[in-house]
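Colleague: Model the structure of this input:
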Amino acid sequence: MSSFHVERSVEHALSELLDGHPVATFVIDTDHVITHWNKACEHLLGWGTHEMVGTRQHWQAFYTKPRPLLADLIVDNIDPATDRNFRDKYKPSSLIDGAYEEEDFFPNLGAAGHWLQSTAAPLRGHDGKLVGAIQSLRDVTERRVAENALRRAHDNLEQTVRQRTAQLAEDIRQRQSAEEELRRRNIELTELNETLSRTQQQLVQSDKLASIGQLAAGVAHEINNPIGYIFSNFGTLQSYLDSLFSMLDAYQEAEAAIVDPAVAARLRAMRDQVELGFLRTDIPTLMQESKEGIVRVRHIVQDLKDFSRVDNQQEWVWADLRQGIDSTLNIVSNEIKYKADVVREYGEIPDIECLPLQINQVVMNLLVNAAHAIGSMRGRIEIRTGCEGENVWFSVSDNGSGIAPENLGRIFDPFFTTKEVGKGTGLGLSLSYGIVQKHHGRIDVDSTLGRGTTFRVTLPKKRPPNEQKEATL
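Modeller: Modelled structure (predicted):
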């Protein structure tokens, strides 16, 4: 049988195979002429076999103007990588040697276009020579639409997740910011409450001190008047006694001139009975001691007036710390004199601008605490003053029991006390701390268990300028 009849036989068999195949398939020869166009191809692409076979118009089923398909590149032995229409779309077939695959969208197919998956492979004769190319087409529109829908849904989901994550992060940030603001406001409110509590305590204490000061000043005034009378009368009485003693001397000298022995004897007996010699020496001593007692009472009265400072209470004045300390010592001497010896080591210091009544209260609290810290054995309290730059300081030291380290950080807290129940309110040091703070000073403590405690109060010489301006408005 001739080769012509063989090729015709093969071609006829290929036609029968392709026509019955459900996959759209067409074949071109080496001249790019369509030799086969099966029914599936007619159905998919809409072009009949009689319209396409024998022509080179296969491109017309896909594009609006001539351009090669994968089968054309195989016939012309062109690598798709060099063709700009295919370089980013094709891939070599993993199943057929020399075949290529692509998947692309063709908008001209149907009303809305179709996605087609194409596979093009070379056709060779019995001698292995290229006789054409075959290209099969599979409609993958539904898959691509589903994939695109899935991709869009995935992208939308990712976008939603990103947006929700961003919103959640913003919500978390706002919540954290709100919590931080709430914590800040809570801290501020706590500090404000503590400040209000301290201020209230100070006001209550100031009112008490003012009342005590008025009472002390009133008592001092009432005592001062009769003491003045007594002191003045003692001077007059001293003069009268001097006159009486002079008169007694004259009478004693006149005794020798008395003629009647009985009268003279009676006078001598009376002089011996009243111990005139002793009275002449003891009366001046009694007068002097009484005078000294009256002077001491006058000093105590003056100290009461200095301590109370009623005329200057709640007003900033220039005052000498040492005078306030001395006045306070006299007021609390009954608390101290039976427990400790007081040593004063005053350095030269200038007057400071302060509220003397409140500073005296600080001194009194420190002195009373020092006395309470001393045990049954008689102790020692040392008071010192000094000057450092623009500040003046005073310290109160005792050799008492000291303060436990775990309590040092709490001694200025309101109502904290290490004394027995009923022995202390826990307000003394707290109020003292508030008064020192009000004066823009500081109060430091150094204590050792079993050796004693030192409180040192440092105060500026004068108030800050802004407070001075406010006071004048």
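
Colleague: which helices and strands does the helix or strand containing Glu181 pack with?
Modeller: Using DSSP states H and E, the element containing Glu181 is helix 141-254. If contacts are counted by 3 or more CB pairs under 8 Å, 6 or more residues apart in numbering; DSSP states H and E, helix 141-254 sits against strand 114-124, helix 276-308, helix 356-373, helix 428-438. Yep, even glycine has a C-beta here, placed from its N, CA and C like the rest.

Colleague: neighbours around the residue nearest to Arg451 when sequence neighbours are not counted, how many?
Modeller: Using CB to CB, 6 or more residues apart in numbering and skipping residues adjacent in sequence, the residue nearest Arg451 is Gly402, 5.7 Å away. Gly402: 17 surrounding residues under other CB atoms under 10 Å.

Colleague: Pretty sure Gly450 is one of the things Gly402 touches, is it not?
Modeller: Yes. The pair Gly402 / Gly450 is scored as a contact, 5.7 Å apart, by CB atoms under 8 Å.

Colleague: got a list of what Val131 touches?
Modeller: Applying CB atoms under 8 Å, 6 or more residues apart in numbering to Val131 gives the contacts 29-30, 123-125.

Colleague: State the three-state secondary structure for Ile383.
Modeller: strand (DSSP: H, G, I helix; E, B strand; the rest coil).

Colleague: Just give me the neighbour total for it.
Modeller: Neighbour count of Ile383, defined by other CB under 10 Å: 22.

Colleague: got the contact list for it?
Modeller: 325, 329, 342-346, 394-397.

Colleague: Please report how far Lys339 lies from Thr236.
Modeller: Between Lys339 and Thr236 the computed distance is 41 Å (CB to CB, to the nearest Å).

Colleague: Have a look at those two and say which one is more surrounded.
Modeller: Lys339 (20 against 9).

Colleague: how about the more buried one, what does it touch?
Modeller: 371, 374, 378-379.

Colleague: and Gly54, that's in a helix?
Modeller: No. Read with three-state DSSP, Gly54 is coil and lies in no helix.

Colleague: With mean pLDDT and mean neighbour count added, can I get the helices and strands packed on helix 141-254 in TSV?
Modeller: Putting the helices and strands packed on helix 141-254 into TSV (pLDDT from 0 to 100; neighbours: other CB atoms under 10 Å) gives the following:
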stretch	mean pLDDT	mean neighbour count
strand 114-124	89	19
helix 276-308	70	15
helix 356-373	88	23
helix 428-438	83	21
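
Colleague: Can you redo the ones you listed as a markdown table, where the extra columns are distance to Gln252?
Modeller: Below are the helices and strands packed on helix 141-254 laid out as a markdown table (distance: least, CB to CB, whole Å):
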| stretch | distance to Gln252 |
| --- | --- |
| strand 114-124 | 156 |
| helix 276-308 | 8 |
| helix 356-373 | 55 |
| helix 428-438 | 64 |
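
Colleague: who wins for proximity to Val317 among the ones you listed?
Modeller: helix 356-373 (6.5 Å; CB to CB).

Colleague: Convert the closest one to PDB, retaining C-alpha atoms only.
Modeller: Only the C-alpha atoms of helix 356-373 are listed here, as PDB (Å, rounded to 0.1, in the frame of the first residue of the first chain):
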ATOM      1  CA  PRO A 356       5.400  81.100 114.500                       C
ATOM      2  CA  LEU A 357       2.400  79.400 116.100                       C
ATOM      3  CA  GLN A 358       2.700  76.400 113.800                       C
ATOM      4  CA  ILE A 359       6.500  76.200 114.000                       C
ATOM      5  CA  ASN A 360       6.100  76.200 117.800                       C
ATOM      6  CA  GLN A 361       3.700  73.300 117.400                       C
ATOM      7  CA  VAL A 362       6.300  71.300 115.400                       C
ATOM      8  CA  VAL A 363       8.900  72.000 118.100                       C
ATOM      9  CA  MET A 364       6.500  70.900 120.900                       C
ATOM     10  CA  ASN A 365       5.600  67.700 119.000                       C
ATOM     11  CA  LEU A 366       9.300  66.800 118.600                       C
ATOM     12  CA  LEU A 367      10.100  67.600 122.200                       C
ATOM     13  CA  VAL A 368       7.200  65.600 123.600                       C
ATOM     14  CA  ASN A 369       8.100  62.700 121.400                       C
ATOM     15  CA  ALA A 370      11.700  62.800 122.500                       C
ATOM     16  CA  ALA A 371      10.600  62.800 126.100                       C
ATOM     17  CA  HIS A 372       8.300  59.800 125.500                       C
ATOM     18  CA  ALA A 373      11.100  57.900 123.700                       C
END
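
Colleague: phi, psi of the residue nearest to Arg451?
Modeller: When read as degrees, to the nearest 10, the backbone of Gly402 gives phi 80, psi 170.

Colleague: any idea how far Ser395 is from it?
Modeller: Look at Gly402 and Ser395: by CB to CB, they are 16 Å apart.

Colleague: what does Leu237 give?
Modeller: With CB to CB as the criterion, Leu237 and Ser395 are 46 Å apart.

Colleague: higher neighbour count, these two?
Modeller: For Leu237 and Ser395, the more surrounded residue by other CB under 10 Å is Ser395, and the numbers stand at 18 against 15.

Colleague: low-scoring stretches of the stretch 201-350 of the chain, by residue?
Modeller: Where the stretch 201-350 of the chain drops to pLDDT under 70, the residues are 201-222, 224-225, 228-229, 255-260, 264, 274, 276, 292, 295-296, 298-314.

Colleague: circling back: quick check: the gap between the residue nearest to Arg451 and Glu348.
Modeller: From Gly402 to Glu348 the distance is 31 Å (CB to CB).
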